[in-house]
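Enquirer: Provide a 3D model corresponding to the input given below.
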Amino acid sequence: MKLEGRVALITGGGTGMGKATALLFAREGARVIIANRTEKTGKETVEEIRALGGDAYFVPTDVTKASDVRRMMDTTLERYGRIDILFNNAGQPFDVPLLELDEERWDHCFAVNLRSVFLACKFAIPHMQEAGGGVILNNASQVALVGVAGVPAYAAAKAGVVSLTKSLALAHAKDGIRVNCICPGTTWTPLAERGFGGLPDPQVAIEGSKKRIPLGRLGTADDIAQAALYLASDDASFVTGAVLLVDGGRMAGAAT
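Expert: The predicted model follows:
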């Protein structure tokens, strides 16, 4: 029960890494707000948590809109009176080469993957300051740390998440707010399944990805959830401004 009595707000909590983290946090004693654009999956996560005996609530949220994010924060405070943990998990892969990008799609990628983090932090931090502390986790990607051809907008947005994490960690350490970042490698989620499924030979692509990972497998949503639990808990009380790679060792070598 590492999070007993705490309130955790998780964006993109309806599927994949967000859902796995929500379930784990609930099992560890947290009361969980699920913020999700899709009502069906968000409510399903809430129902699963309640079936386990946990306390959860769903807030329909488009994380790219300031009004939605403010309402998400207000709802959390109205229901639970505090926010101890913010996990900015919502995001969207964007595999479009630079010469095929137009301004609208570039801006959309940044809105989903970076502006959403800015907005949630902007509205959460004053409440954490008032409460005397809190934890912010931001979900980035291994592509934020190395050059990867074909994903310029996504890589740039996620690199922005890493830099924003470090800046906020320095600015708010004095407030007792820890800010850290998780950089997942290739992780099997419903989103990844759809991505691989759109390739000419999905199984060949999956096996190729495994061969590039020293541990010989893709990550799981639970792998990311366990990393999030560590950073959110008191086990990481002396950790802030950190970028935690959860990639099976892929970024440890020069070949990516």
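Enquirer: what are the pairing partners of the helix or strand in which Phe87 is found, and which direction each?
Expert: Using DSSP states H and E, Phe87 maps to strand 85-88. Strand 85-88 sits in its sheet next to strand 7-11 (parallel), strand 134-139 (parallel), going by DSSP bridges.
Enquirer: Tell me which residues touch Met128, please.
Expert: Ile83, Asp84, Gly134, Ile136, His172, Asp175, Gly176, Ile177 (C-beta atoms under 8 Å, 6 or more residues apart in numbering). All C-beta spots, glycine's among them, are computed from the backbone N, C-alpha and C.
Enquirer: My reading is that Val59 is in a strand; is that accurate?
Expert: Yes - assessed with DSSP: H, G, I helix; E, B strand; the rest coil, Val59 lies in a strand.
Enquirer: Tell me, how many residues neighbour the closest residue to Ala221 other than its chain neighbours?
Expert: By the measure of C-beta to C-beta, 6 or more residues apart in numbering, the closest residue to Ala221 outside its immediate chain neighbours is Ala20, 3.6 Å from it. Residues lying near Ala20 (other C-beta atoms under 10 Å) number 23.
Enquirer: Pretty sure Ala20 sits against Leu229.
Expert: No - under the criterion of C-beta atoms under 8 Å, Ala20 is not in contact with Leu229, lying 10.2 Å apart.
Enquirer: how far away is Ala192 from Lys174?
Expert: 39 Å (C-beta to C-beta, to the nearest Å).
Enquirer: the more surrounded of these two?
Expert: Ranked by neighbour count (other C-beta under 10 Å), Ala192 and Lys174 place Ala192 first, with 18 against 8.
Enquirer: can you dump the C-alpha coordinates of the longest strand seen in the chain into PDB?
Expert: Using DSSP state E to assign secondary structure, the strand with the most residues in the chain is strand 177-184. Extracted in PDB, the C-alpha atoms of strand 177-184 (Å, rounded to 0.1, in the frame of the first residue of the first chain):
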ATOM      1  CA  ILE A 177       7.100  18.900  -5.700                       C
ATOM      2  CA  ARG A 178       9.100  16.100  -7.400                       C
ATOM      3  CA  VAL A 179       8.900  16.000 -11.200                       C
ATOM      4  CA  ASN A 180      10.200  13.100 -13.200                       C
ATOM      5  CA  CYS A 181       9.900  11.600 -16.600                       C
ATOM      6  CA  ILE A 182       9.500   8.000 -17.900                       C
ATOM      7  CA  CYS A 183      10.800   7.200 -21.400                       C
ATOM      8  CA  PRO A 184       9.300   3.900 -22.500                       C
END
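Enquirer: And the strands paired with strand 85-88: which comes nearest Val239?
Expert: Val239 lies closest to strand 134-139 among these, at 9.9 Å (C-beta to C-beta).
Enquirer: Let me have the strands paired with strand 85-88 in JSON lines, extended by mean pLDDT, distance to Ala30 and mean neighbour count.
Expert: JSON lines is the format used below for those (pLDDT from 0 to 100; distance: least, C-beta to C-beta, whole Å; neighbours: other C-beta atoms under 10 Å):
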{"stretch": "strand 7-11", "mean pLDDT": "98", "distance to Ala30": "4", "mean neighbour count": "27"}
{"stretch": "strand 134-139", "mean pLDDT": "98", "distance to Ala30": "11", "mean neighbour count": "26"}
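Enquirer: Turn those into CSV, columns for distance to Tyr57.
Expert: Shown next, in CSV, are these (distance: least, C-beta to C-beta, whole Å):
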stretch, distance to Tyr57
strand 7-11, 10
strand 134-139, 19
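Enquirer: What distance do you get for Ala22 to Thr189?
Expert: Counting by C-beta to C-beta, the gap from Ala22 to Thr189 is 14 Å.
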